[in-house]
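K.L.:
Sequence isn't available, so here's the structure alone:
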């Protein structure tokens, strides 16, 4: 699977949204959990795309 620009934009938007939204009663609730999950997902997709790219290069060689 190759990471599309649309997927990357959605994940970046999710990260920005989670960071900017604050719960008025308790600013630390849930938001801190959402940021690492979205960042981890972005890194995972980038690693997966890189591995697939490297695999295709090895097959072509």
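P.N.:
All right, it came through fine. All figures in this text were calculated on a predicted structure; none of them were measured in a lab.
K.L.:
quick one, helices of the protein?
P.N.:
Under the criterion DSSP state H, the chain contains helices at 5-20, 31-60.
K.L.:
any idea how far residue 50 is from the nearest residue to residue 12 once chain neighbours are set aside?
P.N.:
Excluding the flanking residues, the one nearest residue 12 by C-beta to C-beta, 6 or more residues apart in numbering is residue 42, at 7.5 Å. Placement of C-beta: from N, CA and C, glycine included. Counting by C-beta to C-beta, to the nearest Å, the gap from residue 42 to residue 50 is 13 Å.
K.L.:
Comparing the two, which shows the higher neighbour count?
P.N.:
Taking neighbours as other C-beta atoms under 10 Å, residue 42 and residue 50 compare with residue 42 leading, 18 against 11.
K.L.:
So that one sits against residue 14, correct?
P.N.:
No. With contacts counted by C-beta atoms under 8 Å, residue 42 stays clear of residue 14, the gap being 9.0 Å.
K.L.:
Count the neighbours of residue 38 for me.
P.N.:
Neighbour count for residue 38, taken as other C-beta under 10 Å: 20.
K.L.:
One more: the one 10 residues further on?
P.N.:
With neighbours defined by other C-beta under 10 Å, the count for residue 48 comes to 13.
K.L.:
mind checking pLDDT for the residue nearest to residue 12?
P.N.:
The confidence metric pLDDT takes the value 79 at residue 42.
K.L.:
do you know how far it is from residue 55?
P.N.:
With distances taken as C-beta to C-beta, residue 42 is found 21 Å from residue 55.
K.L.:
Next one, pLDDT for the residue nearest to residue 14 when sequence neighbours are not counted please.
P.N.:
Of all residues not flanking residue 14 in the chain, residue 38 sits nearest, at 4.6 Å (C-beta to C-beta, 6+ apart). You'll see residue 38 listed with a pLDDT of 70.
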